[in-house]
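>>> have a look at this fold, sequence not included:
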């Protein structure tokens, strides 16, 4: 199934109030039944669309997705299975899946905004965005910073040491913000997003000088020059001071401006 069609199915389920789990094969080693990037949608009644290879592997992933729905899990999971030991197949190899719940009426049901980083600006930004009709996902390796964020029904927190691995799992219509603690942690996410995906909005906190360094380094690593231009840095509308609260308001303003311009 075309990835775009799968995401259309996902949106249709959300609009209809049907919970589902998006299952993505993010790593495949050895004799695996499908290539990396294969996707399927699972509802409480079973497979809804797509495939991750069929057979025992798909059945195991489908069963886990249904368990997550039954338990009302809102956070995503990564699972790694060895085909012989964990799945009971004769061929060698392993698979790694990403399972993302989209609960009925939950955080997957609106304008998706993915924020990488949970520092001072994000601490100020989330309370501004949370009351809006959006689905917020905040990603950071630091649990203590994630725990400081206010709780909201449309806010999902993901702790991971490999944020760039989440880029393939993001919805096509997601707005992406790189607001991490520095250039070294922004760049892996940004480079993968620009190399592999086409999001309607990509913003990076920083300065014009930082933007030039990022572009130069990404081009040196093989990113086409035109793609290296497809992000906003500094992100946010040009007003206010360097106070995190004022930066947060300027970012929220730019997000709303772009959402309306794109008619999303």
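Arrived safely. Since we're looking at a predicted model, the values are computed, not measured. Numbering: from 1, shown residues only.
>>> from here on, contacts and neighbour counts on C-alpha atoms
OK.
>>> output the contacting helices and strands for the worst-scoring helix or strand of the chain on mean pLDDT.
Taking mean pLDDT, DSSP states H and E as the measure, helix 3-15 is the helix or strand of the chain with the lowest mean score, a mean of 76. If you count contacts as 3 or more Cα pairs under 8 Å, 6 or more residues apart in numbering; DSSP states H and E, helix 3-15 packs onto strand 39-43, strand 46-50.
>>> hang on, residue 203 is in a helix, isn't it?
No: going by DSSP: H, G, I helix; E, B strand; the rest coil, the assignment for residue 203 is strand, not a helix.
>>> which positions within the least confident helix or strand of the chain qualify as buried?
Across helix 3-15, burial judged by 16 or more other Cα atoms under 10 Å covers 6-7, 9-11, 13-14.
>>> now swap in stretch 243-261 and tell me
In stretch 243-261, counting by 16+ other Cα under 10 Å, buried: 244-252, 254-255.
>>> do stretch 87-102 as well
In stretch 87-102, counting by 16+ other Cα under 10 Å, buried: 87, 93-102.
>>> any idea which of those is the one closest to residue 197?
residue 98 (17.3 Å; Cα to Cα).
>>> and what about that closest one, helix, strand or coil?
strand.
>>> how close does the residue most central in space within the chain sit to residue 99?
Residue closest to the mean C-alpha point of the chain, counted by Cα atoms, centre = their mean, is residue 170 at 3.5 Å. Separation of residue 170 from residue 99 (Cα to Cα, to the nearest Å) stands at 12 Å.
>>> ok, now residue 169?
For residue 169, the distance to residue 99 - Cα to Cα - is 9 Å.
>>> joint contacts of the two?
Among the neighbours of residue 169, those also in contact with residue 99 (Cα atoms under 8 Å, 6 or more residues apart in numbering) are residue 24.
>>> could you pull out the strands in the stretch 51-200 of the chain for me?
77-82, 93-102, 111-116, 134-140, 155-159, 175-178 (DSSP state E, counting those that start in this stretch).
>>> in its sheet, which strands sit next to the last one, and in what direction?
Here strand 175-178 has these sheet partners by DSSP bridges: strand 111-116 (parallel), strand 201-204 (parallel).
>>> just give me how far the shortest one sits from the chain centre.
The one in question is strand 201-204. In terms of Cα atoms, centre = their mean, to the nearest Å, the centre of strand 201-204 is found 13 Å from the chain centre.
>>> the longest one too?
Centre-to-centre, strand 111-116 and its host chain are 7 Å apart (Cα atoms, centre = their mean).
>>> how about the strands paired with strand 175-178 in TSV, adding mean neighbour count and distance to residue 143?
As requested, the strands paired with strand 175-178 are arranged in TSV below (neighbours: other Cα atoms under 10 Å; distance: least, Cα to Cα, whole Å):
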stretch	mean neighbour count	distance to residue 143
strand 111-116	22	13
strand 201-204	22	22
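>>> least confident of the ones you listed, on average?
Note on the strands paired with strand 175-178: strand 111-116 shows the lowest mean pLDDT, a mean of 94.
>>> give me the angle between that strand and strand 134-140.
Angular relation of strand 111-116 and strand 134-140 on a 0 to 180 degree scale: 10 degrees, by axes from the mean of the first three to the mean of the last three Cα atoms, to 10 degrees.
>>> can you list the residues that contact strand 111-116?
122, 133-140, 163, 171, 173-180, 186, 264.
>>> who's in contact with the closest residue to residue 211 other than its chain neighbours?
Using Cα to Cα, 6 or more residues apart in numbering and skipping the chain neighbours, the partner closest in space to residue 211 is residue 233 (5.6 Å). Shown in contact with residue 233 (Cα under 8 Å, 6+ apart): 203-208, 210-211.
>>> swap in 7 Å and give it another go.
203-208, 211 (Cα atoms under 7 Å, 6 or more residues apart in numbering).
>>> for those residues, which one is nearest residue 220?
Residue 220 lies nearest to residue 211 out of the contacts of residue 233, by Cα to Cα, at 14.2 Å.
>>> element containing that closest one?
helix 208-220 (DSSP states H and E).
>>> averaged pLDDT, that helix. What do you get?
In this model, helix 208-220 has an average pLDDT of 95.
>>> what's the answer for stretch 123-134, then?
So the average pLDDT for stretch 123-134 ends up being 93.
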